[in-house]
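>>> Based on what follows, work out the 3D shape:
(2 chains)
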Amino acid sequence: MSRLRLALLWLSLLLAAPTQAAEEFLLPAASPMQQQLVIYSATDYRYLQPLLQYFQQQHPQLGIRFVDLNSQELYERFLQESPHSPADLLLSSAMDLQLKLVNDGHARPYRSARTLSLPSQVHWRHELFAFTFEPILTVFNRELLGAHPLPHSRQQLLALLREDPDRFANRIITYDLAASGVGYLLASQDSQQGLMYGRLLEAFGGLRVQLDDSSNDMLERLANGEAAIGYNLLGSYVASALPRYPQLVAMAPNDYTLMLMRLALLPKTAPHPTLAGEFIDLMLSAQGQALLEQSGLHPLLEPDSGQLRLAIQAQGPITLIPLTPALLPPLDPLVKQHFIDAWSGSITTAPPKSQP
Amino acid sequence: MSAVVNRHPHLRRRLLLLSAVVLIGLSLLATGFMVSYSKKTADRSYDLMLNSAILQLANAVRHGEQGFMVDMPVSAFATLAQAPEDRVFYRISVNGSFLTGYAALPTPPPTTPSQQSLTQQQPVFFDALFSGEPVRVARLTRLNTERQPHDEIHIELAQTRLAREQLKDEILYPALKLILGLLFSALLLLGLGIYYALRPFTLIARALARRRPRDLTPLLLPVPKETLPLLHTINHFIARQQQMLERMESTTSVAAHQLRTPLASLRALSENARDEQDAAKRKTLLAGLIEQCDQLSLTVNHLLNQAMLDHRFHSQELLPLELNALAKKVCLALAVPALQRQVELSFEPATSPLWIQGDEIAITQMLNNLIDNAVAHAPVHTRVEILLRTSPAPAMLIRDLGPGIPHEEREKVFARFYRGSQHRYLGSGLGMAIARDVAEHHGAGIHLHDNEPSGLEVEIRFNTYRSTP
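Down below sits the predicted model:
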């Protein structure tokens, strides 16, 4: 550990995209650097740091450049740079965007003994590999709930909002669909589950929902009392926040709990595909899965059998977002525009004066 | 050596090669059929899925307040996920202008406009290349009748061919395995069959090769019916060899004996003549010596003739031969020596030409011997008659007025070196045997009859003859 000096760099990408900022982490090589593996990730650096370091121990001459991006930024930046992107690996939980990259032919298939033994639900075409699970949770600030019992389903949540609208006005927070790839994915998946999401959205809109594009920010705002209800937050971030903020409580809705997979993709243009493939193998190995679990992510595979593991204790049914082209229709520009328009419409049904 | 090998076709290899070529040809045909069949079948099953998806997609295109919009049906894409590994592309265009999807998706091969109805109930399918992979494209045209004039909506839905190829392989590979299996078992069976069919030849060859040189007994092998004729022929050949060998052995030993005795006798006579003081007696002895010499000369002559005829019988073909002319020639040649013995020859040809297939030299020899015999046995001042006739059977007759042959001896006279009980005349004891050999070689019978008023009639009766060559 000590021989690895961590450099934390702040970089503003003013030329490429003025509004986008990316955190970059450089892990220099222990011996004189021969190669640099470039990883674009929508998963926070701290979750992957142990894995990256372990990988470097095995490749002492390897430097790693880790670019931490939000899932939508990651998708756009990669396409912007294409075909000269330096990225060797794209890690993102925006399953639909990752799948679209594969569908549009940007990925390179990777086959190893490890990936060939994967269950079919967790990879697509050997070009897209899931490496962790992510239950989608609703988080409450217990202190702000007052006397209300903790809701356990979307129906109960809706009932709660209707019962005490004043308490929750301006105190609900969820993903900004327009800015966050994961947020849009979760919303479109929710809308496919039935009418409940529409009603919930209407209620959110009426109560002037706050929007954000980062689970961690939302958790902080929940913790400091800016918000009382956080809807559709990523399980691993929640899990690591709960010990820090005892006032927070997480709920896996028992009508259905969405389950997201973090996906790794090896771009066709990757400068170091062999290394990137080895890194995928490591992520999917028992050792890699253990390291991911230690840093707070939900491992995908049982350490021994390589079987699918559903680690979340949910009350109700689990809806695993399937890794199939069925993720594509919501990404159609027309559909997405229409969906976001309708969504903004619902959100802005709040009193006119609250509009920006 | 190789030239010899080339000149003798390798039967087993040829049979195998021929059947292999035929079988491989058939297998290739079957494979070709299976390839197209499996592709068609795989396409048909996945086209159904693509068909259902594109119909859902077509229903999702509507004209709303802000122009055309697509309520992109997730279910359509979930349907396509039955081919779980395949990428999906689509393009929706309205009145020829691109609305959404993948603008670069290939257009279908051109069809004649008259054949294509404006609004289709069923999509058309075609194969193309897109995004580096072969794809199957469905294309459907719909009319939006909500507006005037109607809008023409084109929908293309494409899918990579992985699942199709996989299904195709799932159909094709077992079939290919079956075809290959059948091909190899057929070749193996054929190889075995050919080996077993040709094995009797090898067995016969091996049995012959194993034989000791003096072993001329028939080959006894349990060979199949089909090779039995070959075995029979070989056994027949062996039997003939055996016969020839036996005959040669006996002839040689008898001939040796026949030559040794007169030579010893010659020597005795010569010694006697040398030691005889009395001139008259010596003269008689010398006359006997000369007679012995003649006898020996005749025997040697006949032996050589017989050897010559044996050789001719094996080497010469039978040619058309006219017997009247031949007999006349022989009679003319023998007339003078006969007259020296004071015997007349009379020749009477047949009334029409007598053609046979024969060996001129052999027949001449036979006639020579028979006429010589007749002349030798004929009393002086008698006549030997040679006549030819065509009926009741074509035959040559030689008649003399000599003592004839007693009935009990008539078979024996044909044996070699048999000189008859009287042994009164000069002879080799081979003349009649040679005559019979010649007659038999020509398929003729030789018969002895009593002549009138006395003597012997020799009849050579031919079985086959013609009046023309």
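>>> Would you agree A:Y245 is in contact with A:R221?
No - at 11.0 Å, A:Y245 does not count as touching A:R221 under the criterion of C-beta atoms under 8 Å. No exception for glycine: its C-beta is placed from N, CA and C like everyone else's.
>>> any idea where the helices of the chain begin and end?
Looking at chain A here, since you left the chain open. For chain A, the helices defined by DSSP state H occupy A:45-58, A:71-81, A:95-103, A:113-116, A:142-145, A:154-163, A:165-168, A:181-193, A:196-206, A:215-223, A:235-241, A:273-284, A:286-294, A:333-347.
>>> um, chain B though
B:2-7, B:11-59, B:74-80, B:162-210, B:228-275, B:279-315, B:323-340, B:360-377, B:431-441.
>>> Include mean pLDDT when you put the helices of chain A into JSON lines, please.
Conversion of the helices of chain A to JSON lines gives the following (pLDDT from 0 to 100):
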{"stretch": "helix A:45-58", "mean pLDDT": "93"}
{"stretch": "helix A:71-81", "mean pLDDT": "93"}
{"stretch": "helix A:95-103", "mean pLDDT": "95"}
{"stretch": "helix A:113-116", "mean pLDDT": "90"}
{"stretch": "helix A:142-145", "mean pLDDT": "91"}
{"stretch": "helix A:154-163", "mean pLDDT": "93"}
{"stretch": "helix A:165-168", "mean pLDDT": "92"}
{"stretch": "helix A:181-193", "mean pLDDT": "92"}
{"stretch": "helix A:196-206", "mean pLDDT": "89"}
{"stretch": "helix A:215-223", "mean pLDDT": "92"}
{"stretch": "helix A:235-241", "mean pLDDT": "88"}
{"stretch": "helix A:273-284", "mean pLDDT": "95"}
{"stretch": "helix A:286-294", "mean pLDDT": "90"}
{"stretch": "helix A:333-347", "mean pLDDT": "87"}
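>>> a markdown table please, covering these and showing distance to B:A307 and mean neighbour count.
As requested, these are exported to a markdown table (distance: least, C-beta to C-beta, whole Å; neighbours: other C-beta atoms under 10 Å in any protein chain shown):
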| stretch | distance to B:A307 | mean neighbour count |
| --- | --- | --- |
| helix A:45-58 | 104 | 18 |
| helix A:71-81 | 111 | 20 |
| helix A:95-103 | 103 | 25 |
| helix A:113-116 | 92 | 13 |
| helix A:142-145 | 138 | 16 |
| helix A:154-163 | 127 | 17 |
| helix A:165-168 | 140 | 15 |
| helix A:181-193 | 116 | 22 |
| helix A:196-206 | 125 | 19 |
| helix A:215-223 | 125 | 21 |
| helix A:235-241 | 119 | 23 |
| helix A:273-284 | 97 | 21 |
| helix A:286-294 | 104 | 18 |
| helix A:333-347 | 116 | 16 |
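>>> What is the burial count for the closest residue to A:P165 other than its chain neighbours?
Leaving out its chain neighbours, the residue that sits closest to A:P165 by C-beta to C-beta, 6 or more residues apart in numbering or on different chains is A:L207, at 6.0 Å. By other C-beta atoms under 10 Å in any protein chain shown, the residues close to A:L207 number 19.
>>> how close does A:L207 sit to chain B?
Note on A:L207: its distance to chain B, by C-beta to the nearest C-beta, to the nearest Å, is 28 Å.
>>> for A:L157, same thing?
Distance from A:L157 to chain B, counting by C-beta to the nearest C-beta: 24 Å.
>>> and if you look at A:Y110?
To chain B, A:Y110 is 14 Å away according to C-beta to the nearest C-beta.
>>> who's in contact with the residue of the stretch 151-300 of chain A found nearest chain B?
Nearest residue of the stretch 151-300 of chain A to chain B: A:Q192, at 5.8 Å (C-beta to the nearest C-beta). Residues near A:Q192 by C-beta atoms under 8 Å, 6 or more residues apart in numbering or on different chains: B:V74.
>>> A:T319 too?
By C-beta under 8 Å, 6+ apart, A:T319 lies in contact with A:189, A:193, A:256-259.
>>> which of the residues you listed sit farthest apart?
In those, the most distant members under the criterion C-beta to C-beta are A:Q193 and A:M259, with 12.4 Å between them.
>>> Got the phi and psi for the residue of the stretch 101-250 of chain B found nearest chain A?
Nearest residue of the stretch 101-250 of chain B to chain A, counting by C-beta to the nearest C-beta: B:S131, 4.2 Å away. Here is the backbone geometry of B:S131 (degrees, to the nearest 10): phi 50, psi 40.
>>> Tell me how many other residues surround it.
Other residues within reach of B:S131, judged by other C-beta under 10 Å, total 16.
>>> The one 5 residues further on now?
Residues lying near B:R136 (other C-beta under 10 Å) number 22.
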